[in-house]
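> next input, structure requested:
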Amino acid sequence: MLGDQIQLLGEDLRRLRQDPRRLLQLRQHRQPLPLRCPPPRSGFIITAIEQGKRPDEVRRQSGHAANSPVFWEYVRRAVRWHDPVSRGIGL
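Numbers count the residues shown, from 1 in each chain. Okay, here's the model as predicted:
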């Protein structure tokens with residue numbers, strides 16, 4: 001699926017050189033490429049939490065509000081596998 005979309009993008013670029021108005025008409029009917037890139041702050045937050053920094057320190061440095069749901073989601077991602085519930089029960 002992604003390969004098809006990249007191929008279509010190449011076709012669009014060829015058409016752009018020939019007729020820019022036609023390209024705009026085509027792009028209105030197509031879906032955008034399904035690529036998501038996390039913001040750079042998320043990498044900073046996740047890495048800092050994984051290295052043992054306190055969330056309140058990281059939050060102040062990243063500029064997030066104290067009640068930011070986005071910030072706390074990054075914290076949850078960072079500690080997701082670091083505190084297993086099976087710790088200490090002999091498994």
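> mind giving me the domain ranges of the chain?
1-36, 40-79 (automatic domain parsing).
> which of the ones you listed has the lowest mean pLDDT?
For the domains of the chain, the weakest mean pLDDT is recorded on domain 1-36, namely a mean of 63.
> P55: what's it in contact with?
By Cβ atoms under 8 Å, 6 or more residues apart in numbering, the contact list for P55 reads I49, F71, V75. (C-beta placed from N, C-alpha, C; glycine too.)
> and Q18, by the same measure?
Applying Cβ under 8 Å, 6+ apart, no residues qualify as near Q18.
> just the element for A48, please.
In this structure, A48 is located in helix 40-50 according to DSSP states H and E.
> show me what that helix is in contact with.
For helix 40-50, using Cβ under 8 Å, 6+ apart, the contacting residues are 55, 58, 61-64, 71, 74-75, 77-79, 82.
> give me the buried positions along it.
R41, S42, I45, I46, A48, I49 (16 or more other Cβ atoms under 10 Å).
> cool, and stretch 57-70?
V58, R59, S62, H64.
> which two among those residues are spaced furthest apart?
Based on Cβ to Cβ, the longest span within the buried residues of stretch 57-70 runs between V58 and H64 and measures 8.6 Å.
> contacting residues around the residue nearest to I46 when sequence neighbours are not counted?
Leaving aside its sequence neighbours, I46 sits nearest to A78 (Cβ to Cβ, 6 or more residues apart in numbering; 4.4 Å). Shown in contact with A78 (Cβ under 8 Å, 6+ apart): I45, I46, T47, I49, E50.
> in these, find the pair that's most separated.
I45 and E50 (9.6 Å).
> for V70, give its distance to S42.
8 Å (Cβ to Cβ, to the nearest Å).
> quickly list what's touching both of those two.
By Cβ under 8 Å, 6+ apart, no residue touches both V70 and S42.
> quick one: the helices in this structure, in order.
Remark: helices assigned in the chain by DSSP state H are 2-18, 20-29, 40-50, 55-62, 69-79.
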